[in-house]
Structure formats: C-alpha cells, structure tokens
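> I would like the atomic coordinates for the input below:
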Amino acid sequence: MALALACAGFLAAIGFAAAPRPAVAVTSPGSVTGDARVIDGDTIDIGGQRVRLEGIDAPETGQTCARRLIGTWGCGAAATKALKAMVTGRTVACERRGTDKYGRMLGVCFVDGSEINRQLVRDGFAWAFVKYSGSYVAEEAEARAAHRGIFATENQAPWDYRAGKWANAGEQAPAGCAIKGNVTRNGRIYHMPWSPWYAKVVIDPARGERWFCSEKEAVAAGWRPAHTL
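Numbering: from 1, shown residues only. Here you go, the predicted model:
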C-alpha cells in the first residue's frame, strides 16, 4: 500500500494524476479517448486505433544510449516504460493531427490535461521530430540544458539509428527488402531491422512467411507490426 501511494504521489507530482476511465474507447472524427496500450516509446493503441505521437521520435525499443560515467543504458526500453507509466490505468485523450503513410493516426495526447508528447521530450525520453514538426524544439533545448535522459550526452537520433539498421539488413536481405514477415500463433507479424526480435526471426516460405520492401507493402498484405508491450 505504501508503495502504491508513493507511486501515485510521484505521478501526480509530474502532472499525471489518475482519472476515471471509460470502459471502451470513444472516438470522433478529430479525437480518440480511452484506455491506452503502449506499443513503444512514441506509439499507443486506444481501442484498436493506433496512435503515433505527433512531433516526437523516441529511441527504438532495442536502442541503447551513452550516459556520462556509467556507460550505456537501454534508452529505448526506458522510453517505452516511461510512456507506460504515464498512461497505464488512466484515461488518454488524443487529438488528431493527421494520418501517416501507414494509416496510423498522428496525435497529440493528454492525460488529465497534461500533454504526453511534450512531457516525453522534456523528460529526455524523445527527440523533437523536426523533420515533420517544430512543436517541441524548446522542450528539447530545455532537456539538453539539464542533461536529462537521452540528452545527458550526445546520442544517435532514432532516425539515424533506423537508417543504419536498414542499410545493414538490406545488404543481406533478398533484393534489399529487409522487413521480415513472420507467421505466429498470434497472426502475421512483420519485424523491422531495428526490432528486438529481428535477428531471431528466420523466414520460412513453406509457412507463408516472406520478405517485404516497405511497411506499406506489409500492411497492405495483411501483416501487422510487432509490438513490445
């Protein structure tokens, strides 16, 4: 009980106090509200609606970062856990800002009025995704000045991390098509080269498994992305 109260106090202190939750997601053309399931450090699912947090880019789940004096740490896993701590057991409301090329809703999301996107950057768990938005440049500058999280020292941005993983995997994949389409008891799942399970997946055409050249191709063929939690 003491631990639960301490955790509740910590979350309230950073602006993420508990709020009553609807049993199911409530959607409208411009928003979605309900319980959220965390996919990775910048993606959630609310009632089957996949929401990519707009304007930020968190480290990939398997990505590691440098930190002064203590070597490397699992910054990707830490970002995922930070997002999970913010949303688990709470009502999440996301405002639509568009749709990405994979059909995911691009959203700015809130818990009890506090913006999740902004908090992740401010706490050092995500970069401002300046290729697509300048909304969180000030928060990144604040986090850098305070040496928080991924900004404790210079680290590889996730877009560069993904590009490097893709290039390496593409050298060994058929025709450079580096996405692995895996068939499991939970359905057809695709793994990107930066997926934590990518190296363990061996494509078996006899089971209907295959390679894809793009996520759009994989989604169109009926595969869904692997998720972390």
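> Output the below-cut-off pLDDT ranges for the chain.
Within the chain, the segments meeting pLDDT under 70 span 1-28, 227-229.
> domain parsing for it?
24-158, 166-225 (automatic domain parsing).
> Now mean neighbour count too, for those, in TSV please.
No exception for glycine: its C-beta is placed from N, CA and C like everyone else's. Formatted as TSV, these follow (neighbours: other Cβ atoms under 10 Å):
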stretch	mean neighbour count
domain 24-158	19
domain 166-225	15
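> For residue 59, which non-adjacent residue is closest in space?
residue 76 (4.1 Å; Cβ to Cβ, 6 or more residues apart in numbering).
> what about that neighbour, distance to residue 33?
From residue 76 across to residue 33, the span is 27 Å (Cβ to Cβ, to the nearest Å).
> coming back round to it: host element of the residue nearest to residue 59?
helix 75-87 (DSSP states H and E).
> who touches that helix?
11, 16, 36, 38, 40-42, 44, 58-65, 111, 116, 119-120, 123, 125-126, 149-150, 155, 228-229 (Cβ atoms under 8 Å, 6 or more residues apart in numbering).
> need the next SSE after it, C-terminal direction.
Per DSSP H and E, the helix or strand that comes after helix 75-87 is strand 92-99.
> Between helix 75-87 and that next one, find me the angle.
120 degrees (axes from the mean of the first three to the mean of the last three Cα atoms, to 10 degrees).
> any idea how far the residue of the chain positioned farthest from its centre is from residue 183?
Distance from the centre of the chain peaks at residue 206, with 32.1 Å (Cα atoms, centre = their mean). The gap separating residue 206 from residue 183 is 10 Å, by Cβ to Cβ.
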